[in-house]
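In: this one's structure only:
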Ligand SMILES: Nc1ncnc2c1ncn2[C@@H]1O[C@H](COP(=O)(O)OP(=O)(O)OP(=O)(O)O)[C@@H](O)[C@H]1O
Ligand SMILES: [Mg+2]
C-alpha cells in the first residue's frame, strides 16, 4: 500500500465503526465498539419468494414460522455453524450492518469481526468473509469461536497455562484447548443443541406416535434434559399431532423420556471431549485438570450436562457466566483491544486450520 493509501486507511479506521458478529446457527449477536451488544436475535429470515425481498429478520421472522402464506419463506441460513444459504446470510448481515450504521450515524463502512467455528474448510471460511464484505463491511476479520468465547469468559488465554473451552451452540460443539494465545488442540463436532431437539422430536414420534413441533421439543429439552436421577421425577404435557389419526393429541413426557431421547447424542459429545483430552500434551492436561473445563453457548445450560461431563471425565466442569453471549463478548473485547489480539485473528488464507482436526 502506498503512503497516501495507508494514511487514508488510518483515517477511515479512526472514524469508522467496528462491529463484532457472532453468526450462530441458532442466534446472531452483534457488538458495536463503544456501545456493547445491540442485537441478539434468532438467525432466521423471512423472505418474499416472488420479489426476493426481505420481509423480517430475527424474532419477527421466528414468529412467522409455520404461519406464512405461500409467497413467504422462512429460512435458517446457517447449518451446523456454517453458511448454507449464502444470499440470505448476506441479506441478513446487510440488514444488521445497515441498522447499526443508522444508529451510530456513520457514513464510513464498518470493520467487521466475525466468529467462525474451528475446523471449517477454507471455502466455508471464505463464504463468511465474502458475505460480510458484500453486506457492506469495509474490512472483515475472522476469529475462531472457542477463542472468542474464552476471551469473552475472561480465561487467561495468553498465559502459559492451559485452558479448555467447549462452546455448545445450536449446530456445533466447538472445543479447544488454548495456551499462549493459540489453540493447542481443537475439534469441531457438528452436533449440538438443535440435534438434541431433533432427537426429542423423533423419540416422541416413535414412542408415542405423536408429532410435536420444534418449539415444543426445545421446551422439553430445556425443562427436563438430564436431571440427575434421584431428583424428583419431572414431567411435562406436550401437544402434537397423532401420526395415525392426524388429530391433535396430548402426551405426558418425563425426564427419563428426554434422557433416553438425547443419550446417544450426549454420548458422542462426551466421547469427543475425551478424544480432545487424549490429544492434549501432558503439561497442558495437568493445567486443565486443575482449572477445569469451561462450557459456553446455549448448550452449556442443558440441565445436568455439566455434572454428567464432570462425572465421566473426572475433571471439574464450569459453566461460564452468561454463556449465550460469551462469543460476542469476546469479539467485543478483541475489537476494543485490536493491537493486543491481532495475532489471534485468522489470516486471509485461514492458515490456522491446518493444525486442527
Ligand atoms: N436454557 C437452556 N437449556 C438448554 N438448552 C438451551 C437453553 N437455552 C438455549 N439452549 C439451546 O442452545 C442452542 C443455541 O445456543 P447458541 O445461541 O449458543 O447457538 P449458536 O451460537 O446460534 O449456534 P452455533 O454456535 O452452533 O452456530 C439451541 O439449541 C437452544 O435450544
Ligand atoms: Mg455459537
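Out: On my side now, so go ahead. Computed from a predicted model, the values in this text were never measured in an experiment. Ligands and ions are numbered 1, 2, ... in the order given.
In: Any regions of this protein where pLDDT drops low?
Out: Residues of the chain meeting the criterion pLDDT under 70: 1, 9-15, 227-233, 348-357.
In: Get me the contact residues on it for ligand 2.
Out: 24, 169 (C-beta under 5 Å from the ion). C-beta coordinates here come from the backbone N, C-alpha and C atoms, glycine included.
In: Go again with 6 Å.
Out: Selection of the chain residues close to ligand 2 by C-beta under 6 Å from the ion yields 22, 24, 145, 167, 169, 297, 327.
In: Can you flag which of these belong to helices?
Out: 145, 327 (DSSP state H).
In: So which residues of the stretch 151-300 of the chain form helices?
Out: 193-208, 214-224, 255-278, 282-291 (DSSP state H, counting those that start in this stretch).
In: Just send those back as CSV, with distance to residue 110 and mean neighbour count too.
Out: Output for those, formatted as CSV (distance: least, C-beta to C-beta, whole Å; neighbours: other C-beta atoms under 10 Å):
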stretch, distance to residue 110, mean neighbour count
helix 193-208, 30, 20
helix 214-224, 33, 19
helix 255-278, 35, 18
helix 282-291, 36, 16
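In: Next, format the ones you listed as CSV and append distance to ligand 1.
Out: As requested, the helices of the stretch 151-300 of the chain are exported to CSV (distance: least, C-beta to the nearest ligand atom, whole Å):
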stretch, distance to ligand 1
helix 193-208, 2
helix 214-224, 4
helix 255-278, 11
helix 282-291, 22
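In: out of the ones you listed, which comes closest to residue 150?
Out: Of all the helices of the stretch 151-300 of the chain, it is helix 282-291 that lies closest to residue 150, at 11.8 Å by C-beta to C-beta.
In: Distance of the residue in the stretch 251-357 of the chain that ligand 1 sits nearest to relative to residue 330?
Out: When scored by C-beta to the nearest ligand atom, the stretch 251-357 of the chain has residue 298 as its residue closest to ligand 1, at 2.1 Å. Counting by C-beta to C-beta, to the nearest Å, the separation of residue 298 from residue 330 is 16 Å.
In: Among the two, which residue is more densely surrounded?
Out: residue 330 (32 against 20; other C-beta atoms under 10 Å).
In: can you pull the contacts of that one?
Out: Shown in contact with residue 330 (C-beta atoms under 8 Å, 6 or more residues apart in numbering): 20, 115, 143, 147, 148, 149, 150, 151, 152, 153.
In: What is the nearest of those to ligand 1?
Out: residue 115 (8.2 Å).
In: Bridging across strands, which residues link to that closest one?
Out: residue 143 (DSSP bridges).
In: List the contacts of it.
Out: 20-23, 142-145, 148, 327-328, 330-331.
In: What of residue 293?
Out: Counted by C-beta under 8 Å, 6+ apart, residue 293 has contacts 164, 165, 166, 273, 309, 313, 315, 316, 317, 318.
In: Quick check: closest non-adjacent residue to residue 59.
Out: Distances taken as C-beta to C-beta, 6 or more residues apart in numbering put residue 41 closest to residue 59, at 5.3 Å, once the chain neighbours are dropped.
In: wait, residue 338
Out: residue 18 (7.8 Å).
In: hmm, back to that, which among the contacts of residue 115 end up buried?
Out: 20-23, 142-145, 148, 327-328, 330-331 (16 or more other C-beta atoms under 10 Å).
In: how near is the residue nearest to residue 338 to residue 257?
Out: 47 Å.
In: again with residue 80
Out: Taking C-beta to C-beta, one finds residue 80 at 26 Å from residue 257.
In: neighbours around the residue nearest to residue 338, how many?
Out: Neighbours of residue 18 (other C-beta under 10 Å): 21.
In: and it, bridged to which residues?
Out: Here residue 18, judged by DSSP bridges, has bridge partners residue 111.
In: So it sits against residue 111, correct?
Out: Yes - using C-beta atoms under 8 Å, residue 18 is in contact with residue 111, at 5.0 Å.
In: Enumerate every residue touching the residue of the chain found nearest ligand 2.
Out: Per C-beta to the ion, residue 169 is where the chain lies closest to ligand 2, at 3.3 Å. By C-beta under 8 Å, 6+ apart, residue 169 lies in contact with 24, 25, 26, 81, 145, 192, 193, 297, 298, 299.
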